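Novice: Quick one, fold the following:
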Amino acid sequence: MSKLLYTDKPIFGLDISHTGIKVMAIDPKKWVVQGYGSIDLEPIRVKEALEVSDKTYITDNIKLLLETKTIGTILSNRVAITVPTARTFSRTFKLPSNAEKNLHDAVMLEVEQYIPIPSDNLYIDYQIIERSKKEIIVLMSAIAKVVIDNVVKSVEAAGLQPVLIEPGICSVARVLTATERGDLPSIIVDIGPASTDIAILDKGSIRVTGGIAVGGNTLTLDIAKKMNVALENAHQLKVLNGLSAGPRQQKLTAALDPSLKRILSEVKRVIRYYNERISDDRKLEQLLIVGSGSNLPGIGEYFTNQLVMAARVASPWQKLDFARIQEPPKQFRPRYITVAGAASIPPRKIWK
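Specialist: Okay, here's the model as predicted:
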């Protein structure tokens, strides 16, 4: 494409996860939300749609979401898409400066050593995110071709034009960089319904990722089983009491502790990798908790105490201006952070 012919057309964000689809349109210059919405999906059907060829399931739900479940307006058909981070493979690694001449070969060597899928079955992207006289730091991401091919076909069948696809955690990082001192070396803990994604954000780029199949729904089930209550009651106990002080604190903490420790163990593993391979003695400054599972009272204090590090639930909503449209209820706002990141990228940056 010639730069002379390039037009800075608007885009909107489309977040496809294992449990739902979200859309959001933002004016990236003013951070004004023009429209948004979400629809829940069946995880098993999503898995089939991504891995096999059940293209109509995602297509039909995108159409339904845009036609009947969107607040405000989505005026563009050009879309920046996020896919589940757990479906992707990301690594950051250092190379001598002279290796830049054969960068593709060096990246392929990393792929063959660390990704358990043949390279012929992957889409692979990479970029130099930092350089000095002696070395370069390369960020590499890869994902199975079948996943991307099925997503693209599903989105195009809904009448949309994909212009960017990225792991969900990269979209989260974009929002946090703009709203939560993301310029500091930070740990992101994104607790979704079924899984938790973990990443290190440093100098505006994701440096390390990890994840575990423990999410907000896991915590609800833990409470239901341990305290012998219905799932609906367990959810209420989770979001109203959580880990906060009160008459039920001891029982709730006992119920939640095993799963929280599994998340904590993965956080420590990611931190260890960053410190040993990448950090250059840059100290991690903060831990930011996002996602639908971040609505657990006391979770910030939990990570602060366990890691002896400042930790808090991120709140980027002061940056987003909903202007004349109805804001999502407070308890549902965390589910939109990923799609907000996809929607907030300036179109011209995609072209670059």
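
Novice: so which strand or helix has Lys261?
Specialist: Using DSSP states H and E, Lys261 sits in helix 249-277.

Novice: what packs against that helix?
Specialist: The contact analysis (3 or more C-beta pairs under 8 Å, 6 or more residues apart in numbering; DSSP states H and E) places helix 249-277 against strand 88-96, strand 186-191, strand 196-202, strand 205-212, helix 216-227, helix 231-240, helix 299-307. For the C-beta atoms, the positions are set from N, CA and C on the backbone; glycine is no exception.

Novice: would CSV of those with distance to Ile74 be doable?
Specialist: Formatted as CSV, the helices and strands packed on helix 249-277 follow (distance: least, C-beta to C-beta, whole Å):
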stretch, distance to Ile74
strand 88-96, 26
strand 186-191, 24
strand 196-202, 26
strand 205-212, 27
helix 216-227, 27
helix 231-240, 29
helix 299-307, 33
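
Novice: Can you add distance to Arg269, mean pLDDT and mean neighbour count and give those back as JSON lines?
Specialist: Formatted as JSON lines, the helices and strands packed on helix 249-277 follow (distance: least, C-beta to C-beta, whole Å; pLDDT from 0 to 100; neighbours: other C-beta atoms under 10 Å):
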{"stretch": "strand 88-96", "distance to Arg269": "14", "mean pLDDT": "88", "mean neighbour count": "19"}
{"stretch": "strand 186-191", "distance to Arg269": "12", "mean pLDDT": "96", "mean neighbour count": "25"}
{"stretch": "strand 196-202", "distance to Arg269": "8", "mean pLDDT": "94", "mean neighbour count": "26"}
{"stretch": "strand 205-212", "distance to Arg269": "6", "mean pLDDT": "89", "mean neighbour count": "21"}
{"stretch": "helix 216-227", "distance to Arg269": "18", "mean pLDDT": "95", "mean neighbour count": "20"}
{"stretch": "helix 231-240", "distance to Arg269": "25", "mean pLDDT": "93", "mean neighbour count": "16"}
{"stretch": "helix 299-307", "distance to Arg269": "13", "mean pLDDT": "96", "mean neighbour count": "17"}
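
Novice: returning to that earlier point: what sits up against the helix or strand following the helix holding Lys261?
Specialist: On the C-terminal side of helix 249-277, the nearest following helix or strand under DSSP H and E is strand 286-290. Residues from elsewhere that reach strand 286-290 (C-beta atoms under 8 Å, 6 or more residues apart in numbering): 172, 176, 180-181, 184, 186-191, 267, 299-300, 303-304, 307, 309-314, 334, 337.

Novice: ok, Pro43 to Asn217 distance?
Specialist: Using C-beta to C-beta, to the nearest Å, we find Pro43 at a distance of 10 Å from Asn217.

Novice: joint contacts of the two?
Specialist: Jointly contacting Pro43 and Asn217 under the rule C-beta under 8 Å, 6+ apart are Ala194.

Novice: Checking the residue of the chain most remote from its centre next. Helix, strand or coil?
Specialist: Each residue of the chain has a distance to the centre, and by C-alpha atoms, centre = their mean the biggest one is for Pro247: 34.7 Å. For Pro247, the secondary structure call by DSSP: H, G, I helix; E, B strand; the rest coil comes out as coil.

Novice: how far away is it from Glu285?
Specialist: Applying C-beta to C-beta, the value for Pro247 to Glu285 is 36 Å.

Novice: Next: Ser205.
Specialist: Distance from Ser205 to Glu285, by C-beta to C-beta: 16 Å.

Novice: The helix or strand Thr338 falls within: how far from the chain's middle?
Specialist: If you go by DSSP H and E, Thr338 is part of helix 337-343. Here helix 337-343 is found 9 Å from its chain centre; the criterion is C-alpha atoms, centre = their mean, to the nearest Å.

Novice: For that helix, C-alpha coordinates in PDB please.
Specialist: Only the C-alpha atoms of helix 337-343 are listed here, as PDB (Å, rounded to 0.1, in the frame of the first residue of the first chain):
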ATOM      1  CA  ILE A 337     -10.700  -3.900  29.300                       C
ATOM      2  CA  THR A 338      -9.300  -6.200  26.600                       C
ATOM      3  CA  VAL A 339     -11.600  -4.900  23.900                       C
ATOM      4  CA  ALA A 340     -10.900  -1.300  25.000                       C
ATOM      5  CA  GLY A 341      -7.300  -1.900  24.300                       C
ATOM      6  CA  ALA A 342      -8.000  -3.200  20.800                       C
ATOM      7  CA  ALA A 343     -10.300  -0.300  20.100                       C
END
